[in-house]
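Novice: Below: sequence and its predicted model.
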Amino acid sequence: MNTENYAALVALDWGETEHAFATQVGESPVETGTMPATPETLHGWLEELHKRVGAHRVAIALEGGKSAVIHALTSHPWLVIYPVHPATSERFRKAFTPSGAKDDVPDALVLLDILRQQRNKLRPLRLDSPETRKVAGLVAARRRAVDQRTRLACELGSTLKTYYPQALELCGREPATALELDFLTRWPELRSLKAARPATLLAFYAAHNSRRPDVLEERLAIIAQARALTEDRAVIEPAVLQVKMLVDILRPLQRNIALIEQSIAEAFAAHPEATLFQGLPGAGATTAPRLLAAFGTDRSRYPDACSLQKYAGIAPVKEKSGRQLWIHWRWNAPKFLRQTFVEWAGQSVPKCAWAKAYYQQQRAAGKHHQATLRALAFKWIRILWRCWQDRVPYDEARYLASLRQQNSPLCTRLAIT
């Protein structure tokens, strides 16, 4: 239970253009107000508050999330930051404002009430090591960039289907590759492609490391037999411009994703605990840094494996009322963190004997693919948490010996597979 006394309690309702605050210094009345959402104003306000309370610590509550305000607050070490889940403050506000009225200053007062009355149920923010936060920031930036590339590649494919569907077959199945971008830059429509000589096309494919004779022969046949989906220039010319725009966006995006991946590799290699994650089955250059960022270096953050399973949204939720029982997955969970564990579980199946046996066992029992991967991720978190706590890399042989010692049902299936 958190019974620490603070010189002041502060609640901050941050916004895009204006921040609202509610402050109580000692036993004095609560002060409320607003300030412009600028770094200069925020830091100036905090420095003035620091002078009022002297060298004492101050507790500040604000809604958690991807807010730049949190980065500003962490630069003031005398602040103890209590992130409040947005759903918590919303339900607390609705409980006493059934009309649904909402405003920034009253919202700050709600946060202050939570900080005063429910502080023992809140967890203060504790920053991980700078090395871990750097890896976490880089892997999150990569995921956002890859998601953006996926959206743009889907839009590019949809545009090509309206006037030039042959390009999708001639550029391979993987979207937004250098081959596809260069192909569309050189031949943005079928008319220009049909005018190209076979030798020119073969030289282009060879320059992009596509040299299989059967594939090249098939592509040349497609081009020779191709007919335009439409000859309407009112359709083709706008679509060509749309394709050009998307190609021009995707090209630098691809280069920057490569730069981010290089930075991830360097930051991961320099991390003092990288050895715990780099040898995991199926965890390659992309997934291993994500797993490191998921665990971090603060062992007190997850006192047991169950706490991480719940936080990551891998552990199911049980709702019981009378004779009714409903088990479902967690609605409120960090999406990227959950994706990290589920994706890694899927990657481990072809690389890990017991993971493959477990997957087959669950599928044979009638479990769906995604439910099986979540169940496998549940087991992996428990194993990796133990390795993380003991600072010992995962040892496949040791775990298999443990399964045999426990006479696990997986041993029978392992003998089969």
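Specialist: Arrived safely. Just so you know, these numbers come straight off a predicted model, no measurement behind them.
Novice: For the rest of this, base every contact and every neighbour count on C-alpha atoms.
Specialist: OK.
Novice: For Pro393, identify the helix or strand it belongs to.
Specialist: In the assignment (DSSP states H and E), Pro393 maps to no helix and no strand.
Novice: longest strand anywhere in the chain?
Specialist: strand 18-25 (DSSP state E).
Novice: The very next helix or strand once past it - what's its average pLDDT?
Specialist: Counting by DSSP H and E, the next helix or strand C-terminal to strand 18-25 is strand 31-36. For strand 31-36, mean pLDDT rounds to 93.
Novice: ok, now stretch 292-305?
Specialist: 95.
Novice: again with stretch 79-96
Specialist: Mean predicted lDDT for stretch 79-96 stands at 85.
Novice: What pairs with the longest strand of the chain, parallel or antiparallel?
Specialist: Counting by DSSP bridges, the strands paired with strand 18-25 are strand 8-13 (antiparallel), strand 31-36 (antiparallel).
Novice: For the stretch 1-150 of the chain, give me the ranges with low pLDDT.
Specialist: Residues of the stretch 1-150 of the chain meeting the criterion pLDDT under 70: 1-3, 66-67, 96, 98-104.
Novice: ok, 50 please
Specialist: 1, 3 (pLDDT under 50).
Novice: Count the neighbours of Pro316 for me.
Specialist: Here the number of neighbours of Pro316 (other CA atoms under 10 Å) works out to 16.
Novice: now it: how far from Ile327?
Specialist: 7 Å (CA to CA, to the nearest Å).
Novice: and if you look at Arg116?
Specialist: From Arg116 over to Ile327 (counting by CA to CA), the distance is 34 Å.
Novice: One more: Asn120?
Specialist: 28 Å.
Novice: Glu31 now?
Specialist: Glu31 is 45 Å from Ile327, by CA to CA.
Novice: cool, Val317 as well?
Specialist: 6 Å.
Novice: between the two, who's got more neighbours?
Specialist: More neighbours surround Val317 than the other of Val317 and Ile327, with 14 against 10 (other CA under 10 Å).
Novice: Quick one: mean pLDDT for the top helix by length along the chain?
Specialist: Counting residues, the longest helix in the chain under DSSP state H turns out to be helix 233-270. The average pLDDT within helix 233-270 is 97.
Novice: Now it: buried residues?
Specialist: When neighbours are counted by 16 or more other CA atoms under 10 Å, the buried residues of helix 233-270 are found to be 236, 239-240, 242-244, 246-247, 250-251, 253-254, 257, 260-261, 263-265, 267-268.
Novice: gap between Leu190 and Pro165?
Specialist: Applying CA to CA to Leu190 and Pro165 gives a distance of 9 Å.
Novice: I meant Thr34, not that one.
Specialist: In terms of CA to CA, Thr34 sits 56 Å off from Pro165.
Novice: For Pro83, which non-adjacent residue is spatially closest?
Specialist: Sequence neighbours aside, Gly64 is the residue nearest to Pro83 in space, at 4.7 Å (criterion: CA to CA, 6 or more residues apart in numbering).
Novice: My read is that the one you found contacts Thr88, right?
Specialist: No. Using CA atoms under 8 Å, Gly64 is not in contact with Thr88, being 10.4 Å away.
Novice: Those two - which one has more neighbours?
Specialist: Gly64 (15 against 12).
Novice: got the phi/psi numbers for that one?
Specialist: The phi/psi pair for Gly64 (degrees, to the nearest 10) reads phi -70, psi 170.
Novice: List the contacts of it.
Specialist: By CA atoms under 8 Å, 6 or more residues apart in numbering, the residues touching Gly64 are Pro83, Val84, His85, Pro86.
Novice: In helices, which of the residues you listed fall?
Specialist: Pro86.
Novice: can you list the contacts of Gly64 in a markdown table and add distance to Arg386 and neighbour count?
Specialist: Shown next, in a markdown table, are the contacts of Gly64 (distance: CA to CA, whole Å; neighbours: other CA atoms under 10 Å):
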| residue | distance to Arg386 | neighbour count |
| --- | --- | --- |
| Pro83 | 28 | 19 |
| Val84 | 29 | 19 |
| His85 | 28 | 14 |
| Pro86 | 32 | 13 |
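Novice: Would you tell me which one of the contacts of Gly64 comes nearest to Arg299?
Specialist: Checking the contacts of Gly64 against Arg299 by CA to CA gives Pro83 as the nearest, at 19.6 Å.
Novice: wait, what's in contact with that closest one?
Specialist: Pro83 sits in contact with Ala61, Leu62, Glu63, Gly64, Leu122, Arg123, Pro124, Leu125, where contact means CA under 8 Å, 6+ apart.
Novice: From those residues, list just the buried residues.
Specialist: Ala61, Leu62, Glu63, Leu122, Pro124.
Novice: Could I get the CA-only coordinates of the strand or helix carrying the first one as CSV?
Specialist: Assigned by DSSP H and E, Ala61 belongs to strand 58-63. Once non-C-alpha atoms are left out, strand 58-63 reads as follows in CSV (Å, rounded to 0.1, in the frame of the first residue of the first chain):
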residue,chain,number,x,y,z
VAL,A,58,5.4,15.9,-5.5
ALA,A,59,2.9,13.3,-6.8
ILE,A,60,1.4,14.0,-10.2
ALA,A,61,-1.4,12.0,-11.9
LEU,A,62,-2.3,12.1,-15.6
GLU,A,63,-3.9,9.8,-18.1
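Novice: Show me what that strand is packed up against.
Specialist: strand 8-13, strand 79-84, helix 104-117 (3 or more CA pairs under 8 Å, 6 or more residues apart in numbering; DSSP states H and E).
Novice: Next, the buried residues of the last one.
Specialist: Pointing back at helix 104-117 there. 104-116.
Novice: how big is the angle separating it from strand 18-25?
Specialist: When axes from the mean of the first three to the mean of the last three CA atoms, to 10 degrees is applied, the directions of helix 104-117 and strand 18-25 differ by 40 degrees.
Novice: Same question for the helix or strand that helix 104-117 is followed by: list its buried residues.
Specialist: Following helix 104-117 in sequence order, the next helix or strand is helix 130-161 (DSSP H and E). Neighbour-count burial for helix 130-161, counted by 16+ other CA under 10 Å, picks out 131-132, 134-136, 138-142, 145, 149, 152-153, 156-157, 159-160.
Novice: what does stretch 36-56 give?
Specialist: Neighbour-count burial for stretch 36-56 [16+ other CA under 10 Å]: Ala37, Leu42, Leu49, His50.
Novice: Quick check, the first one in contact with Glu16.
Specialist: Yes. Taking CA under 8 Å as the definition, Ala37 is a contact partner of Glu16 at 6.5 Å.
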